[in-house]
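Undergrad: I'll drop the sequence and a predicted model, then ask my questions.
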Amino acid sequence: MMNGSYQGKILRVNLTDHVVKEEALREDWAKRYIGGRGYGTRIICDEVDPKVDPLAPENKVVIATGPLDGTTAPSSGRVMVITKGPLNGTIACSNAGGYFGPMLKRTGYDMIILEGKSSEPVYLWINKGKVEFRDAKHLWGKLVNESDQLMREETHLEAETMEIGPAGEKMSMIANVMFNGHRASGRTGVGAVVGSKNLKGIVVRGNLGVTVADHDKFAEAVRATREILAQNPVASGGLPLYGTAVLVNIINSTGSMPVRNAQDAYLPEADKISGETLRARNLVRNEGCSDCSIACGRVTAIKEGKYKGEHGGGPEWESIWSLGAMCGNSDLDAVTMANYLCDRYGLDTISAGSTVACAMELYEKGYMPAKDAPFPLRFGDADAVVESIRAMGEQKDEFGRLLAQGSYRLAEH
């Protein structure tokens, strides 16, 4: 195998037969398709029929790390989820931060290939290279944060987790794969594919190191990169202070903010949902991903009002424009609560907020009859945003089930 960086092994998991096997990482592919996204996409292209139903057992999911995962390279702690996505029928490459990717690498595997479908809900426990199939019937229906906690309690509290929520179980077209309870691998319905395989999640724990080919040159490159980040005003100033939501006022000032389902491009009250206001009102602490000095992640809490006491991760810039400006909503607590609900149900915040905004425009223009909505859907109604996300996550009625399929199918209906 190549000298350093990769571990050299792929874990192939047949969920139908509950059989696992190890395969060697191909050196030629690792060099030609650099990174987990490139290599994983090649696997999907080679092994999945382009005509396959994304939610059929014949579709596959690749959970992939890259050559820098597990090293000290800045901002390298990413993990890719690659599959044929159900939302648009093309290859989905979705990534998340946190610590799952580096920990997967420390188990001795660079990637996991998931194929087939389990007859009953299961989760995988990968502990220092040993793989177990575990019963997940008691976890089916649990929220993402609940599943994260329960799986770690059943395996190891210091393990890293991947999980889906009710949205993935019910195969919402905008369902995420989540990591550690609130890190999202979103867009294109990757969570629905995992749910279609009756896989609730994966728990990983390893103790292997990750070597590099030339330690001295690598350390020099790491130092140089960290110096660049330290001198950059965004990486060392704006992002640590205000998170990715530092973009809210900046984007709005250029007339590029998607407002009221992108009918407008400027929100006069944007500062109410900005990163600056989020820091002043809701920030508990910063949170960084593995080997990242920026720490742009937000751990937040709602400290007053009807959602007082709720807490979680985010919201990020994308969540704020989708659950806020797109819906004409400038209530930061409502945006934050809607973001928490998306994470708990395993819904993509961008798609979810955009779908609610689509529903609001359809409702206001008379294309959605009032009888089809459980409550009025008007731009600026913060309660309608939160309750629409709840309906989307639970799918207890036709309204929730329709929204869970995304804005295109909602408008088409």
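TA: Arrived safely, thanks for sending.

Undergrad: going forward, measure contacts between C-alpha atoms and count neighbours the same way
TA: Noted.

Undergrad: list the contacts for the closest residue to A301 other than its chain neighbours?
TA: Nearest residue to A301, sequence neighbours excluded (Cα to Cα, 6 or more residues apart in numbering): H311, at 4.1 Å. The contact partners of H311, by Cα atoms under 8 Å, 6 or more residues apart in numbering, come to 299-302, 340.

Undergrad: so which of the residues you listed comes closest to V259?
TA: Distance to V259 across the contacts of H311 (Cα to Cα) is lowest for Y340, with 21.3 Å.

Undergrad: Let me see the contact set for that closest one.
TA: 311-315.

Undergrad: Kindly provide the distance from the residue located most distally from the centre of the chain to I34.
TA: Largest separation from the mean C-alpha position in the chain: D216, at 34.6 Å (Cα atoms, centre = their mean). D216 is 22 Å from I34, where distance means Cα to Cα, to the nearest Å.

Undergrad: Would you mind giving the domain segments of this structure?
TA: For the chain, the TED database gives the domain ranges 9-205, 232-407.

Undergrad: Of all the ones you listed, which one is nearest T211?
TA: The minimum distance between T211 and these falls on domain 9-205, with 7.6 Å, by Cα to Cα.

Undergrad: That closest one - what's its average pLDDT?
TA: Mean per-residue pLDDT for domain 9-205: 96.

Undergrad: what does stretch 348-363 give?
TA: For stretch 348-363, mean pLDDT is 98.

Undergrad: what's next to it, contact-wise?
TA: Counting by Cα under 8 Å, 6+ apart, residues outside stretch 348-363 touching it are 174-176, 184, 186-187, 260-261, 318-319, 322-324, 326-327, 339, 342-343, 368-370, 376-379, 385, 388-389, 403-404, 406-407, 410-411.

Undergrad: can you pull the alpha-carbon coordinates of that stretch into CSV?
TA: The C-alpha trace of stretch 348-363 is given here as CSV (Å, rounded to 0.1, in the frame of the first residue of the first chain):
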residue,chain,number,x,y,z
ASP,A,348,-31.8,18.8,5.9
THR,A,349,-32.2,22.4,7.1
ILE,A,350,-31.7,24.0,3.7
SER,A,351,-34.2,21.7,1.9
ALA,A,352,-36.7,21.8,4.9
GLY,A,353,-36.7,25.6,5.2
SER,A,354,-37.0,26.0,1.4
THR,A,355,-39.9,23.6,1.3
VAL,A,356,-41.7,25.5,4.0
ALA,A,357,-41.1,28.7,2.0
CYS,A,358,-42.5,27.1,-1.1
ALA,A,359,-45.6,26.0,0.9
MET,A,360,-46.0,29.6,2.1
GLU,A,361,-45.9,31.0,-1.4
LEU,A,362,-48.3,28.3,-2.7
TYR,A,363,-50.7,29.1,0.2
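
Undergrad: List the buried residues in stretch 128-147.
TA: Using 16 or more other Cα atoms under 10 Å as the test for burial, stretch 128-147 gives 128-129, 131-134, 136, 139-145, 147.

Undergrad: which residues of the stretch 301-413 of the chain fall in helices?
TA: For the stretch 301-413 of the chain, applying DSSP state H, counting those that start in this stretch gives helices covering 317-323, 332-345, 349-364, 382-394, 398-403, 407-412.

Undergrad: relative orientation of the longest one and helix 332-345 in degrees?
TA: Looking back up the chat, that one is helix 349-364. 120 degrees (axes from the mean of the first three to the mean of the last three Cα atoms, to 10 degrees).

Undergrad: Could you measure from W140 over to P166?
TA: For W140, the distance to P166 (Cα to Cα) stands at 8 Å.

Undergrad: Check E132 too.
TA: Distance, E132 to P166, by Cα to Cα: 23 Å.

Undergrad: Could you pull up the mean pLDDT of stretch 253-270?
TA: Mean predicted lDDT for stretch 253-270 stands at 97.

Undergrad: Near A30, how many other residues are there?
TA: Neighbours of A30 under the rule other Cα atoms under 10 Å: 20.

Undergrad: and it, how far is that from R298?
TA: Remark: distance between A30 and R298 (Cα to Cα) = 34 Å.

Undergrad: and the spatially closest residue to Q395 that is not a sequence neighbour, what is it in contact with?
TA: Here the nearest residue to Q395 in space, its sequence neighbours aside, is R401; by Cα to Cα, 6+ apart that works out to 4.7 Å. Shown in contact with R401 (Cα under 8 Å, 6+ apart): 172, 391-392, 395.

Undergrad: And the helices in the stretch 1-150 of the chain?
TA: Counting by DSSP H, counting those that start in this stretch, the helices of the stretch 1-150 of the chain are 27-32, 35-47, 100-106, 144-154.

Undergrad: Quick one: closest of the ones you listed to V62.
TA: Proximity to V62 (Cα to Cα) singles out helix 35-47 among those, at 5.9 Å.

Undergrad: circling back: mind putting the domains of the chain into TSV with distance to R226?
TA: Formatted as TSV, the domains of the chain follow (distance: least, Cα to Cα, whole Å):
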stretch	distance to R226
domain 9-205	7
domain 232-407	8
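
Undergrad: among the ones you listed, which is nearest V212?
TA: Closest approach to V212 among the domains of the chain (Cα to Cα): domain 9-205, 8.0 Å.

Undergrad: How far away from the center of its chain is that closest one?
TA: Distance, stretch centre to chain centre, for domain 9-205: 12 Å (Cα atoms, centre = their mean, to the nearest Å).

Undergrad: Begin at 28 from now on, thanks
TA: OK, 28 is where the count begins now, so the last one is domain 36-232.

Undergrad: which residues sit against stretch 261-275?
TA: In contact with stretch 261-275 (Cα under 8 Å, 6+ apart) are residues 256-257, 284, 297-298, 300-303, 305-306, 313, 321-325, 342-345, 347-348.

Undergrad: A322 contacts R312, doesn't it?
TA: No: counting by Cα atoms under 8 Å, no contact exists between A322 and R312, whose distance comes to 9.7 Å.

Undergrad: Mind checking which of the two has more residues around it?
TA: Neighbour totals were compared for A322 and R312, and A322 leads with 20 against 13 (other Cα under 10 Å).

Undergrad: any idea which helix or strand carries that one?
TA: Assigned by DSSP states H and E, A322 falls within no helix or strand.

Undergrad: swap in the one 4 residues further on?
TA: Assessed by DSSP H and E, V326 sits inside strand 324-328.

Undergrad: What is the neighbour count of K58?
TA: Around K58 sit 12 other residues, with neighbours defined as other Cα under 10 Å.

Undergrad: show me what contacts M364?
TA: Contacts of M364 (Cα under 8 Å, 6+ apart): 329, 334, 337, 413.
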